[in-house]
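1. give me the fold of what follows.
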Amino acid sequence: LGDPTKSLGALSEPECRRVIAALDLAERMQVPLEWYALSSGARVSMQSGTENMDWVAAALKRIVEFTQAGGEINVVVNGINVGA
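-> Here you go, the predicted structure:
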């Protein structure tokens, strides 16, 4: 989704669009989604304001819709992971 060596892989619009697209693809293919947790959560920036939180909310909404419809997300966490 993002580069964990930059801003700890923080999520903003491009990364959230990829999350949503991955969920859409997994739903169409009727397969589980494998999620390798590398991010520190939403990117918070004085230059971008709160729109990154809007994108994180949109991705979270899609996650809820996917799982409520019976979709499966397997989260793989290696070591310490922070954020939402």
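
2. residue 62 reaches residue 19, doesn't it?
-> Yes. Counting by CB atoms under 8 Å, residue 62 touches residue 19, with 7.2 Å between them. In this view, the C-beta of every residue, glycine as well, is placed from N, C-alpha and C.

3. ok, how many other residues are close to residue 74?
-> The number of residues packed near residue 74 is 9, by other CB atoms under 10 Å.

4. so in terms of bridging, what pairs with it?
-> residue 34 (DSSP bridges).

5. for residue 14, see how far away it is.
-> 23 Å (CB to CB, to the nearest Å).

6. joint contacts of residue 62 and residue 19?
-> Residues touching both residue 62 and residue 19 (CB atoms under 8 Å, 6 or more residues apart in numbering): none.

7. who touches residue 76 in this structure?
-> Contacts of residue 76 (CB under 8 Å, 6+ apart): 34-37.

8. redo those residues as a markdown table? Include distance to residue 70, pLDDT and neighbour count.
-> Converted to a markdown table, those look like this (distance: CB to CB, whole Å; pLDDT from 0 to 100; neighbours: other CB atoms under 10 Å):
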| residue | distance to residue 70 | pLDDT | neighbour count |
| --- | --- | --- | --- |
| 34 | 17 | 91 | 12 |
| 35 | 17 | 82 | 16 |
| 36 | 22 | 79 | 12 |
| 37 | 22 | 70 | 15 |
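
9. in TSV: those, plus distance to residue 26.
-> Formatted as TSV, the contacts of residue 76 follow (distance: CB to CB, whole Å):
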residue	distance to residue 26
34	9
35	10
36	14
37	16
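
10. all strands of the protein, in order?
-> Here the chain has its strands, by DSSP state E, at 33-36, 73-76.

11. what's the closest of these to residue 23?
-> strand 33-36 (6.3 Å; CB to CB).

12. got the contact list for the closest one?
-> Counting by CB under 8 Å, 6+ apart, 22-23, 26, 66, 71-76, 78 sit against strand 33-36.

13. so what pLDDT did residue 76 get?
-> Looking at residue 76, its pLDDT reads 79.

14. do residue 25 as well
-> Reported pLDDT for residue 25: 97.

15. likewise for residue 17?
-> At residue 17, pLDDT is 93.
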